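1. Provided below are the primary sequence and the corresponding predicted coordinates.
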Amino acid sequence: MASTAVPGFVLPQVGRVPLIRVVHGFAGALLAAFVFFACFAFSETSPYDVIAIPTILLWACLGIRLHRGAVPLVLLLLLYLGAIVVGLIPFLDEDFPVTWTIQLIYLSVTGVFFVMFFSDDTQARMELALKAYTASCVFSATLGIVGYLQWLGIEDLFYKYDRASGTFQDPNVFGSFLTLGALYLMHGLITATARRPVLALAGLLIILVGIFLSFSRGSWGGTVVATLLMVGSVYASCGSARLRRRIVLLSLATLALGAVAMAALLSVDSVQKMFATRAAVSQDYDEGETGRFGNQLRGMEMLLERPLGLGPMHWRLTFGLEPHNSYIGSFANGGWLGGAVFLALVAATGFVGFRLLARPSPFRAHAQIVWPALLMFFLQALQIDIEKWRHVYMMLGMVWALEAARRRWAARDGRRTLASAPREGDRPGRVRNRDDAMGRRLGEMPAGDART
């Protein structure tokens with residue numbers, strides 16, 4: 001449309017294209033770059049953070065809204081930040097806790113932006129973001145593999161602690177980051193919605209090799225759990241026997257291919273030794289009174305006597321390292337209130353996530369990809385600190401945005417049902433509005449068709 005509500009006014013044009021379309025195109029490209037740069041985590045500040053502010057401001061000018069279905073997330077984030085700020089008050093003269101809290105506030109703002117952004121035009125925007133994220137995963141995994149094999153001859157580049165780290169400081173974060181990209185490609189392959197299946201399979205293999213070479217036990221286990229949940233959800237929700245056979249066959253083929261790839265990797269001496277070391281249930285730094293678990297036990301006893309917690313980042317200042325458990329960390333950083341709100345946030349998101357998988361809607365296909373990946377991070381939070389992981393806030397916004405979109409869709413579908421119901425004087429079985437009937441049929445399509 002070239003005209004606005006003002007009679008006779010025509011939007012400026014670039015050639016034959018209205019300027020607003022050019023701006024929207026630029027904003028979409030900026031968003032894709034914003035998501036792609038999530039893989040750059042060499043330092044506290046990354047290109048992701050540089051591009052965050054112009055992206056958020058531009059989309060705010062173009063118009064993003066907070067829908068009712070996303071309000072609980074915003075309230076829980078505000079409560080959590082409030083508890084952290086209260087815990088910070090006695091330590092306002094300390095730079096480290098103040099900086100950490102400011103960064104946490106910034107990440108929460110990005111989470112609110114994502115939930116507002118994805119709540120409208122949900123499917124198109126989700127596809128754009130997931131494609132950019134998956135490209136980011138393939139890029140980072142490729143560099144991680146190159147670094148691990150030391151093809152560049154530069155020590156510690158994309159490779160740390162004898163493990164692939166890609167574009168991350170920590171191999172554990174690197175391995176976990178890749179899971180969402182793997183799920184997106186797997187979903188496209190098993191539901192036959194991938195437009196270039198050979199390219200998708202190649203990208204998937206690169207990502208899976210990257211996850212393996214990260215030698216992150218949490219990433220290994222989390223990827224397996226997330227994949228099982230995704231595949232199980234797709235299988236349970238599809239109504240086609242043919243599609244179910246495809247899911248089973250492709251899952252078995254992927255499993256066999258993964259086993260062959262793992263056997264090939266384990267034939268390399270250095271890989272085999274690292275695998276044997278990392279596959280152990282616990283490591284040296286976990287054990288003993290001053291190890292991870294010993295610190296957690298001593299810290300929990302201290303937290304029982306401190307309703308306001310230890311203060312942001314004071315666990316590290318007290319014990320010399322992070323708690324390696326985000327649930328304990330939330331009580332340490334934000335006191336009893338902060339810990340309780342964090343648990344409520346995880347529980348509420350879990351309820352929303354599983355409801356998205358259980359209820360038919362046009363948004364279930366994307367939920368089958370994003371929610372299992374986010375659930376993996378919630379499970380990993382039991383043995384690692386995820387509060388500062390940028391991509392977790394993006395996925396949190398995605399899940400709640402899908403729920404907001406689903407609720408609006410369900411409300412519209414309910415109104416259509418009422419509008420098309422026979423009224424007094426109507427002939428039995430008569431459909432009052434053909435478009436309403438078509439809308440109901442579209443709303444009942446299998447989950448795998450929602451991405452076509």
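-> Sure thing, it's come through.
2. any low-confidence regions in the stretch 1-150 of the chain?
-> Confidence mapping of the stretch 1-150 of the chain against pLDDT under 70 gives the ranges 1-17, 44.
3. Quick check on Ala164: phi, psi?
-> Per-residue torsions, Ala164: phi -70, psi 140 (degrees, to the nearest 10).
4. ditto for Ser214
-> phi -70, psi -20.
5. Surely it touches Asn172?
-> Yes. At 7.0 Å, Ser214 counts as touching Asn172 under the criterion of Cβ atoms under 8 Å. Where C-beta positions appear, they are placed from N, C-alpha and C, glycine not excepted.
6. quick one, which of these two is more surrounded?
-> Ser214 (29 against 23; other Cβ atoms under 10 Å).
7. Next one: that one relative to Leu76, how far apart?
-> With distances taken as Cβ to Cβ, to the nearest Å, Ser214 is found 31 Å from Leu76.
8. Mind naming the longest helix for the chain?
-> The residue-count maximum for a helix in the chain (DSSP state H) belongs to helix 326-358.
9. List the buried residues in it.
-> Within helix 326-358, the residues scored as buried using 16 or more other Cβ atoms under 10 Å are 326, 328-342, 345-346, 349, 352-353, 356-357.
10. cool, stretch 380-397 as well?
-> 380-381, 384-397.
11. quick one, strands of this structure?
-> With DSSP state E applied, the chain shows strands at 13-14, 17-18, 159-160, 163-164, listed in chain order.
12. picking up where we left off before, check the buried residues of stretch 380-397 and tell me the two furthest apart.
-> Taking Cβ to Cβ as the measure, these reach their widest spread between Ile384 and Gly397, a distance of 20.9 Å.
13. residues touching the residue nearest the centre of the chain, list them.
-> Nearest residue to the geometric centre of the chain (Cα atoms, centre = their mean): Met395, 2.8 Å. By Cβ atoms under 8 Å, 6 or more residues apart in numbering, the contact set of Met395 is Leu180, Val370, Ala373, Leu374, Phe377.
14. now swap in Gly175 and tell me
-> By Cβ under 8 Å, 6+ apart, the neighbours of Gly175 are Gly210, Ile211, Ser214, Phe215, Ser216, Gly218, Ser219, Trp220, Thr223.
15. Counting neighbours, what do you get for Gly221?
-> Counted by other Cβ under 10 Å, the residues lying close to Gly221 total 14.
16. Sorry, slip of the keys, the one I care about is Thr45.
-> Residues near Thr45, counting by other Cβ under 10 Å, number 10.
17. Okay, it and Pro54: tell me how far apart.
-> 15 Å.
18. repeat for Val224
-> As for Val224, its distance to Pro54 is 38 Å (criterion: Cβ to Cβ).
19. just Val234 next, same as before
-> For Val234 relative to Pro54 (Cβ to Cβ), the value is 37 Å.
20. how far is the longest helix of the chain from where the chain is centred?
-> Mean C-alpha position of helix 326-358 versus that of the full chain (Cα atoms, centre = their mean, to the nearest Å) differs by 15 Å.
21. That one - contacts with which helices or strands?
-> helix 71-88, helix 217-237, helix 292-303, helix 314-319, helix 364-380, helix 390-420 (3 or more Cβ pairs under 8 Å, 6 or more residues apart in numbering; DSSP states H and E).
22. any idea which of those is most buried?
-> helix 364-380 (a mean of 25; mean count of other Cβ atoms under 10 Å).
23. okay, the angle between that one and helix 217-237?
-> For helix 364-380 against helix 217-237, the angle by axes from the mean of the first three to the mean of the last three Cα atoms, to 10 degrees is 150 degrees.
24. model confidence over helix 364-380, on average?
-> Averaged across helix 364-380, the pLDDT comes to 96.
25. Then stretch 405-419?
-> 77.
26. tell me the contacts of the spatially closest residue to Glu387 that is not a sequence neighbour?
-> Nearest non-adjacent residue to Glu387, counting by Cβ to Cβ, 6 or more residues apart in numbering: Ser326, 5.8 Å away. Ser326 is in contact with Phe342, Ala381, Leu382, Ile384, Asp385, Ile386, Glu387, counting by Cβ under 8 Å, 6+ apart.
27. quick one, what contacts the second one?
-> Same thing as Ala381. Going by Cβ under 8 Å, 6+ apart, the list of residues near Ala381 reads Asn325, Ser326, Tyr327, Val346.
28. please redo it, this time with the cut-off set to 7 Å
-> Ala381 makes contact with Ser326, Tyr327 under the criterion Cβ atoms under 7 Å, 6 or more residues apart in numbering.
29. Any figure for the gap between Val248 and Thr254?
-> Counting by Cβ to Cβ, the gap from Val248 to Thr254 is 11 Å.
30. ok, these two, which is more surrounded?
-> Neighbour comparison, Val248 and Thr254: the larger count goes to Thr254, with 19 against 13 (by other Cβ under 10 Å).
31. any idea how far the more buried one is from Met186?
-> As judged by Cβ to Cβ, Thr254 and Met186 stand 7 Å apart.
32. cool, and Gly222?
-> Gly222 sits 14 Å away from Met186, going by Cβ to Cβ.
33. Can you give me every residue that contacts Pro372?
-> Counting by Cβ under 7 Å, 6+ apart, Pro372 makes contact with Leu183, Ala226, Leu229, Met230.
34. Output those residues in JSON lines; the columns should cover pLDDT and distance to Ala33.
-> Output for the contacts of Pro372, formatted as JSON lines (pLDDT from 0 to 100; distance: Cβ to Cβ, whole Å):
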{"residue": "Leu183", "pLDDT": "97", "distance to Ala33": "22"}
{"residue": "Ala226", "pLDDT": "96", "distance to Ala33": "26"}
{"residue": "Leu229", "pLDDT": "96", "distance to Ala33": "30"}
{"residue": "Met230", "pLDDT": "95", "distance to Ala33": "27"}
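35. Redo the residues you listed as TSV? Include distance to Thr142.
-> As requested, the contacts of Pro372 are arranged in TSV below (distance: Cβ to Cβ, whole Å):
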residue	distance to Thr142
Leu183	18
Ala226	21
Leu229	27
Met230	23
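36. The residues you listed: which two are farthest apart?
-> Across these, no pair lies farther apart than Leu183 and Leu229, at 9.3 Å, counting by Cβ to Cβ.
37. Could you report the pLDDT at Gly258?
-> Note for Gly258: predicted pLDDT of 75.
38. Is there a neighbour count for it? I'd like the number.
-> With neighbours defined by other Cβ under 10 Å, the count for Gly258 comes to 15.
39. mind showing which ranges of the stretch 151-300 of the chain have poor pLDDT?
-> Along the stretch 151-300 of the chain, the model assigns pLDDT under 70 to residues 155, 278-292.
40. Which stretches in it count as helices?
-> Shown for the stretch 151-300 of the chain, the helices assigned by DSSP state H, counting those that start in this stretch span residues 171-190, 197-213, 217-237, 241-266, 269-278, 292-303.
41. For Ala405, which of the ones you listed is the nearest?
-> Nearest to Ala405, of all these, is helix 217-237, at 17.3 Å by Cβ to Cβ.
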